[in-house]
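Trainee: Need a 3D model of the following:
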Amino acid sequence: MMFRFAVSVGVLFPLSVAAADFHVPDSVFKSMTDSSVHLHKQRWGGADYHHEIKRFSFTKVLSPSVSVAANIVSSQRGLQDCANSYDQRTLGYEILPRLKVRDNLQVSLGVGRLDGGHMAFVTGDKLDMVDRRSVILAASIPFSQPSEALELRVSRSHYDAHAVYDQQTGFYDNSLRISYQLRF
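Mentor: Here you go, the predicted structure:
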């Protein structure tokens, strides 16, 4: 998966308190037992700069050897109170079907897209940013603890550079990422 998330207690706790007053049939919970939903919000910056990322991740187990993961991410950042002030917003998604080849190996082949959005300047000008489409091949090797995994990810992305520069038609980028994940 492209993104790793932690459950935000501040967001989910009020929902669980409100839901405690209602009776929900057991069949609803049974259909959710093979699903995993994560929501994470990050925000940082200072007086003049801000950056906020919201990520939503959903994993559904379809069978003992097949599952589907989907990720949605939105980003908003900006620089304020200067001659080059701007705001930029982006939205992207990723869908990765997973196949469990062995107990210690999962393979994924999926697609992703990131809408580069635009930058809006205080002068009223707008600059369209580059969009990205990706094909992703990933292999995940879980360790003895279910909260640990090593992921190898290869992707090929096409950037639509003509959205920014009329003279270019776009370019490709290949990447290899190795990551170690520890969830707690």
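
Trainee: Next, count neighbours for W44.
Mentor: Other residues within reach of W44, judged by other CB atoms under 10 Å, total 10. C-beta coordinates here come from the backbone N, C-alpha and C atoms, glycine included.

Trainee: Could you shift the numbering so residue one becomes 443, and keep it that way?
Mentor: In the new numbering, first residue 443, that becomes W486.

Trainee: List the beta-bridge partners for it.
Mentor: With DSSP bridges as the criterion, W486 is bridged to H493.

Trainee: My read is that it contacts H493, right?
Mentor: Yes - using CB atoms under 8 Å, W486 makes contact with H493 at a distance of 5.7 Å.

Trainee: How about residues contacting stretch 489-505?
Mentor: 443, 445, 447, 476-487, 509-524 (CB atoms under 8 Å, 6 or more residues apart in numbering).

Trainee: Out of those residues, name the ones that lie in helices.
Mentor: Of those, none are assigned to helices by DSSP state H.

Trainee: Only the buried subset of those, as a PyMOL command please.
Mentor: Selection of buried members from the contacts of stretch 489-505 for PyMOL, criterion 16 or more other CB atoms under 10 Å:
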select buried, resi 443+445+447+480+481+482+509+510+511+512+513+514+515+516+517+518+519+520+521
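
Trainee: Tell me which of the contacts of stretch 489-505 fall in strands.
Mentor: 477-487, 509-521 (DSSP state E).

Trainee: mind listing the strands for this structure?
Mentor: Under DSSP E, the chain gives strands at 477-487, 491-505, 508-521, 528-544, 547-563, 568-570, 573-584, 590-602, 613-624.

Trainee: Pick out the shakiest of the ones you listed, pLDDT-wise.
Mentor: Mean pLDDT is lowest for strand 568-570 out of the strands of the chain, coming in at a mean of 77.

Trainee: neighbouring strands for that strand, and are they parallel or not?
Mentor: Strand 568-570 is paired, per DSSP bridges, with strand 547-563 (antiparallel).

Trainee: Determine how far the strand it pairs with lies from the middle of the whole chain.
Mentor: Taking CA atoms, centre = their mean, to the nearest Å, the mean C-alpha location of strand 547-563 is offset from the chain mean by 8 Å.

Trainee: Dump stretch 558-565 to CSV, keeping only the CA atoms.
Mentor: Output in CSV follows, covering the C-alpha atoms of stretch 558-565 (Å, rounded to 0.1, in the frame of the first residue of the first chain):
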residue,chain,number,x,y,z
GLY,A,558,-2.1,17.8,-9.3
GLY,A,559,-4.8,20.5,-8.8
HIS,A,560,-3.8,24.1,-9.3
MET,A,561,-1.9,26.8,-7.4
ALA,A,562,-3.9,29.9,-6.8
PHE,A,563,-1.8,33.1,-6.1
VAL,A,564,-2.8,36.2,-4.3
THR,A,565,-2.6,38.1,-7.6
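
Trainee: Cheers, nothing more for now.
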